[in-house]
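Any chance you could fold what I've pasted below:
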Amino acid sequence: MTTNSVNRSLAIAAHLRDAQQPSVKMKIMVNETYRVDYRIGKGGFGRVYAGTDIRADEGVAMKLMHHRKGRDMLEDEANTYRALSGGVGIPQVLWFGRQDDYYVLVQTLLGPSLEDLLNYCGRRLSLKTVLLIADQAISRIEYIHSKGFLHRDIKPDNFLMGVGERGNILYTIDFGLVKNVRDRETDRAQRTGRPFGGTRRYASLNNHNGLGTYKRSTSVLSSTDSTDVEQSWNDDLESLGYVLVYLSRGELPWQGLRAATKEEKDELVKEKKINIPVESICEGLPEEFVTYIKYTRSLGFHDKPNYAYLRGRFRRLFKSRGFSYDNVYDWTEKRFYEMQSQASDVSESAED
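The predicted structure is shown next:
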């Protein structure tokens, strides 16, 4: 079994599945080079399409936003990618500009997201696969932070695997909510009253404070304080902790809460996340997951995370379980056995 070929097959299969979903077949050329083919994603900050570089005959990803929604948002995201250019797991910007009524960001085409792969693998990933993801994801966040940016929307949909020779590399995407904090050293005080940003399921406690009246201390949240607080380095890492638990267990304790309105649902999620012990969040998982979340929650606004410490804890766990850094993920094995089964069926049919 070759890892690259399996990942390539899986990536192609994922995009073919996306192509079968309801979407408008496009007949648009961008910059006389890129053909828009079909939609593969949609969000509050634009639509994402699979396309083709007709000169190189290679797949590309294209994010489109109508000019009335503003050029600044997509241009800022393009500039963020350029500022991060050269880092492992950062997609390359191939072109940015206006085409007719749209601003378009063209990038290298990647494979399926961690959310796609979780679904593909039956809604739970093995400890080995989650630890392989954790190792790369911590490094991606560390690199983004080292360049002076907070991602602020860490979630499974925003981590994609590569394709081809880069099929084992984890990529970070969607910098629409990124915040430039390069001048943090001159920003002495943590600003308050910041609006909520990101995805509530994976939001840090600090991020939830933008919705209500809770204030971070070094260890607990007190409902007697009424200060909303701004995000910092630790919040991206805390969100990643929830992502890792989600990938391991297939769900988080605050999913499925019922409420009459979106606002009430937001409040219920926040209250649940605040009050549930970390040990319960990580139920059934090794102690390292508990330690990870507690560590990220303990950091103050100006505290620089010890990324090596977090990676080291997971790496020691990985080694203690006898796992191998062979880049064989759950989806690699699943796809391999599916291909074997298909080949066997074809062989039996031929014999008949």
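
Could you measure from the residue nearest the centre of the chain over to Glu142?
With distances taken as CA atoms, centre = their mean, Asn158 lies nearest the centre of the chain, 2.7 Å away. Distance of Asn158 to Glu142, computed by CB to CB, to the nearest Å: 16 Å. Quick note: C-beta positions are derived from backbone N, CA and C, even for glycine.

which element follows the helix or strand of the chain with the lowest mean pLDDT toward the C-terminus?
One helix or strand of the chain scores below all others by mean pLDDT, DSSP states H and E: strand 221-222, with a mean of 38. Per DSSP states H and E, the first helix or strand lying C-terminal to strand 221-222 is helix 233-249.

which SS state does Glu75 fall under?
Secondary structure, DSSP: H, G, I helix; E, B strand; the rest coil: Glu75 is helix.

Near it, how many other residues are there?
Burial of Glu75 is recorded as 16 neighbouring residues (other CB atoms under 10 Å).

Could you report the pLDDT at it?
Glu75 carries a pLDDT value of 94.

contacting residues for it?
Phe96, Tyr103 (CB atoms under 8 Å, 6 or more residues apart in numbering).

low pLDDT regions in the stretch 151-300 of the chain?
Along the stretch 151-300 of the chain, the parts satisfying pLDDT under 70 run over 183-197, 210-229.

mind checking how far Arg249 is from Ser239?
Counting by CB to CB - Arg249 and Ser239 are separated by 16 Å.

Between these two, point out the one with more neighbours.
Using other CB under 10 Å, the more surrounded residue of Arg249 and Ser239 is Ser239, with 26 against 18.

Quick check: that one touching Gly198?
Yes - assessed by CB atoms under 8 Å, Ser239 is found in contact with Gly198 at 7.2 Å.

who touches both of those two?
By CB under 8 Å, 6+ apart, the residues touching both Ser239 and Gly198 are Ile154, Lys155, Asn207.

The last one sits in which helix or strand?
Using DSSP H and E, Asn207 sits in helix 205-208.

how's this protein carved up into domains?
The chain is divided into the following domains under automatic domain parsing: 32-108, 114-320.

Centre of the chain to the first one, how far?
When distances are taken as CA atoms, centre = their mean, to the nearest Å, domain 32-108 is centred 18 Å away from the chain's centroid.

The chain should start at 855 in everything you say after this.
Will do, 855 is the new start, and the previous item becomes domain 886-962.

Quick one: end-to-end length of it, please.
From its first residue to its last, domain 886-962 covers 17 Å (CA to CA, to the nearest Å).

okay, the shared contacts of Ser1093 and Gly1052 in CSV with distance to Asn1160 next?
Supplementary listing: those in CSV, determined by distance: CB to CB, whole Å:
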residue, distance to Asn1160
Ile1008, 18
Lys1009, 23
Asn1061, 21
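
Out of these, who's the most crowded?
Greatest neighbour count in the shared contacts of Ser1093 and Gly1052, by other CB under 10 Å, goes to Ile1008: 28 neighbours.

give the contact list for the nearest residue to that residue once chain neighbours are set aside.
In this structure, Ile1008 finds its nearest non-sequential neighbour in Ser1093, 3.8 Å apart by CB to CB, 6 or more residues apart in numbering. For Ser1093, the contacting residues are Ile1008, Lys1009, Gly1052, Tyr1056, Ala1057, Ser1058, Asn1061, by CB under 8 Å, 6+ apart.
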